[in-house]
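Engineer: I would like the atomic coordinates for the input below:
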Amino acid sequence: MTEERQDSGCTGETEQPSSAEEWKGIFLGIEQQIRRECARIVGVPEDSDWSAIGRETGDATRKGVAKGVGASEEADWEEIGGHVERTVRSGISNAVGATPDADWSTIGQTVDQKVRSFLQDLFGPKAEAEDEEEDLVDPWQ
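Structural biologist: As a prediction, the model looks like this:
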């Protein structure tokens, strides 16, 4: 076998690419096809690099989220977050009976007051209970 190896090296034939090189070529082709498809999907030229594809994807995501929460499509992530926080806070304050523009502290105090009032009504002393006992009729008298 050693003679065969030596002979094939001396014949002057061109070497076949190694298996690793073949796989590298296959994976490179797959990567290029995926990149072209991603570029097409996000709306950039097919020859765009991954950075351009990523920027466009991030921009499209931001615009979609902004539109979904009711903010301006040109809003940045900080503005979108502020809009969501104000909307949620207003909804919660309305649900607990505070003013729509209440801050989180006021909302918490309103909830605390309502819970305390509920528990006081539920477990507090009952003045009416004493009056009811006096009104009872004893059938044995």
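Engineer: have a look at this protein and report its longest helix.
Structural biologist: For the chain, the helix with the greatest residue count under DSSP state H is helix 19-42.
Engineer: tell me, how many residues neighbour the residue lying closest to V44 once chain neighbours are set aside?
Structural biologist: Using CB to CB, 6 or more residues apart in numbering and skipping residues adjacent in sequence, the residue nearest V44 is E56, 5.0 Å away. For the C-beta atoms, the positions are set from N, CA and C on the backbone; glycine is no exception. Neighbourhood size, E56 [other CB atoms under 10 Å]: 17.
Engineer: buried set for the longest helix of the chain?
Structural biologist: Of the residues in helix 19-42, those scored as buried under the neighbour-count criterion (16 or more other CB atoms under 10 Å) are R35, C38, A39, V42.
Engineer: okay, those in a markdown table with pLDDT next?
Structural biologist: Conversion of the buried residues of helix 19-42 to a markdown table gives the following (pLDDT from 0 to 100):
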| residue | pLDDT |
| --- | --- |
| R35 | 96 |
| C38 | 95 |
| A39 | 95 |
| V42 | 91 |
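Engineer: out of those, the closest to A102 would be?
Structural biologist: Taking CB to CB as the measure, A102 sits nearest to V42 out of those, at 41.2 Å.
Engineer: list the residues that contact that closest one.
Structural biologist: With CB atoms under 8 Å, 6 or more residues apart in numbering as the criterion, the residues that contact V42 are I53, E56, T57, A60.
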